[in-house]
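Asker: pasting the structure only:
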Ligand code: ATP
Ligand code: MG
């Protein structure tokens, strides 16, 4: 599975609809300070279901919406869409039949948040479930930011185990067991 396209509109500094193509397996984002590199990372985490505003460097969830600049008025909603190539069959189950999987999230100023999977409304849970164990998630190791390497190296044994379990693909089953046990 590979992330091939990111589409942003009204998200943080990306006020105009912007499409980013990621043509290879490894992508680096470079540019001057403040040009929006970290905003792209925030966008990916956000679509994958991040619900803690602080993890997106904001105070509230609507802080991801473009808040205006000296030249532009604020906008009323933010949206981000990620398109994945699933032709290697990483995603199993109901969505396995799709070579391309689109995950989208939209938020409006009144705080309404919507998730869509291949264009259809879904719950946040459906997205986190779909990607659990694939290595991609709002807080997974697929997205390596500034400072994260040292965070992993300095992790306590419990946190390190969590990273390893996600990499090995067993976190999915642990999560399901926990759910069953709590019923
Ligand atoms: P650095 O190299 O310093 O890490 P960066 O390329 O990672 O910089 P970002 O943090 O992605 O930069 O972008 C910062 C810019 O995004 C700032 O100019 C900030 O004003 C703008 N920005 C962030 N949130 C919003 C928002 N909600 N509305 C408008 N602009 C925003
Ligand atoms: Mg940055």
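Answerer: Cool, the structure landed. Small disclaimer: the values here were computed from a predicted structure and weren't measured. Ligands and ions are numbered 1, 2, ... in the order given.
Asker: all helices of this protein, in order?
Answerer: Here the chain has its helices, by DSSP state H, at 37-47, 124-131, 148-153, 157-168, 171-182.
Asker: buried deepest among these, which one?
Answerer: Using mean count of other CB atoms under 10 Å, the stretch among the helices of the chain with the greatest mean number of neighbours is helix 37-47 (a mean of 20). (Each C-beta comes from the backbone N, C-alpha and C, glycine too.)
Asker: gap between residue 116 and ligand 2?
Answerer: Between residue 116 and ligand 2 the distance is 28 Å, computed by CB to the ion, to the nearest Å.
Asker: thinking again about what came up before, which stretch in the helices of the chain has the least confidence?
Answerer: Per-stretch mean pLDDT for the helices of the chain is lowest at helix 148-153 (a mean of 82).
Asker: ok, and what's touching that one?
Answerer: Outside helix 148-153, the residues within contact range by CB atoms under 8 Å, 6 or more residues apart in numbering are 141, 160, 163.
Asker: same thing but 6 Å
Answerer: In this structure, no residues lie in contact with helix 148-153 by CB atoms under 6 Å, 6 or more residues apart in numbering.
Asker: do stretch 56-72 as well
Answerer: For stretch 56-72, the external contacting residues (CB under 6 Å, 6+ apart) are 10-12, 15, 42, 46, 50, 53, 74-75, 78, 109, 111.
Asker: quick check: residues of this structure near ligand 2?
Answerer: Applying CB under 5 Å from the ion, one finds that the chain approaches ligand 2 through 37-38.
Asker: can you lay out the contacts of stretch 56-72 as CSV showing distance to ligand 1?
Answerer: Supplementary listing: those in CSV, determined by distance: CB to the nearest ligand atom, whole Å:
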residue, distance to ligand 1
10, 9
11, 8
12, 4
15, 7
42, 7
46, 12
50, 15
53, 11
74, 8
75, 9
78, 8
109, 11
111, 14
